[in-house]
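In: Could you work out the structure for the sequence below:
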Amino acid sequence: MPELPEVETIRQDMINRVKGKRIVKVEVRNEKNIRFPSPQEFKKRIEGRIIEDIKRRGKYLLVALDSGEFLVFHLKLTGRLLFFSEKEKEPDYVRIVFFFEDKTRLFFADIRGFADVHLLTREEMESLPAIKEMGPEPLSPDFTLDEFKKRIKSKKGRIKPLLMDQKVIAGIGNIYSQESLYRAKVHPEKNASKLTDKEIEAIYKSLLEVLEEAIKYRGSSVDAYLDLEGKEGGYVPHLKVYGREGERCLRCGAPIKKKKIGGRGTYFCDNCQK
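Out: Numbers count the residues shown, from 1 in each chain. Here you go, the predicted structure:
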């Protein structure tokens, strides 16, 4: 599933490619992904509208239209947004196509069909439970070490699932929670209530570093993620622990282990993550 760095990469690309463009036509190829309103109303309310801005909240893309409404995309496991010219061959698994005046197209594609899109007013968007209850953005200036400590110390349970809880912190998923904990030398199963202030600070700093690096390299294509132009992200060669089961730890040389934690496959070094 695309996490914060992947969704942020798409957002930045959309600012450069589609902001200010008028959507002249919407073609719905598969109605399943449209959660609200009806496909007919969805098409009617979008055609003729101009894209004014593209924002992100956690793993959600929020496309502001000049009507005051928002296209809200959640890519989930295999959703993609792809921007192609008129002459380029369209991608596979297309669900919705947005046509622009200059003949370019934005494709909403989804291999497995779990991704979704809403068309909502600002009030409706802010009332979506997943957005309304979402925790702070980790790269926001307001997300200070003190704020992070307060959120972690008020919770019980293992630290890795806690980092992935969107109500605690927005946008963190399976990849970057593991990478951050590895860099901080904290075991993913350690109970949050047992963390020292020094460990919490190490996790905080590692989390910000990993997210900023992943954005710099345009995300991690470990599964279905592609950027707006259909290219893979460049961060996979920089992953220190994810996907390295049985390989030697880059820090201490011990073998990397894998275990299901909170229902998700988790990679870690049992020797140097305590």
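In: alpha carbons only for contacts and neighbour counts from here, please
Out: OK.
In: which stretches of the stretch 51-200 of the chain form helices?
Out: Ranges of helices within the stretch 51-200 of the chain are 122-127, 129-132, 145-153, 159-164, 174-184, 197-216, based on DSSP state H, counting those that start in this stretch.
In: got TSV for those, with mean neighbour count and distance to residue 65 too?
Out: Shown next, in TSV, are the helices of the stretch 51-200 of the chain (neighbours: other CA atoms under 10 Å; distance: least, CA to CA, whole Å):
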stretch	mean neighbour count	distance to residue 65
helix 122-127	13	11
helix 129-132	13	19
helix 145-153	15	33
helix 159-164	23	30
helix 174-184	24	31
helix 197-216	18	26
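In: got these as CSV, with distance to residue 255 and mean pLDDT columns?
Out: Listed next are these as CSV, based on distance: least, CA to CA, whole Å; pLDDT from 0 to 100:
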stretch, distance to residue 255, mean pLDDT
helix 122-127, 45, 97
helix 129-132, 38, 96
helix 145-153, 29, 95
helix 159-164, 20, 98
helix 174-184, 13, 98
helix 197-216, 22, 98
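In: quick one: which of those helices is nearest residue 35?
Out: Residue 35 lies closest to helix 122-127 among those, at 12.5 Å (CA to CA).
In: counting contacts, what elements does that closest one pack onto?
Out: Helix 122-127 sits against strand 69-74, with contacts defined as 3 or more CA pairs under 8 Å, 6 or more residues apart in numbering; DSSP states H and E.
In: For the strand it packs on, which outside residues touch it?
Out: Applying CA atoms under 8 Å, 6 or more residues apart in numbering, the external contacts of strand 69-74 come out as 59-65, 115-122, 125.
In: Select only the buried ones of these in ChimeraX?
Out: Here is the ChimeraX selection string for the buried members of the contacts of strand 69-74, based on 16 or more other CA atoms under 10 Å:
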select :59,60,61,62,63,64,65,115,116,117,118,119,120,121,125
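In: Tell me which of the contacts of strand 69-74 fall in strands.
Out: 60, 61, 62, 63, 64, 65, 116, 117, 118, 119, 120, 121 (DSSP state E).
In: I am finished for the moment; much appreciated.
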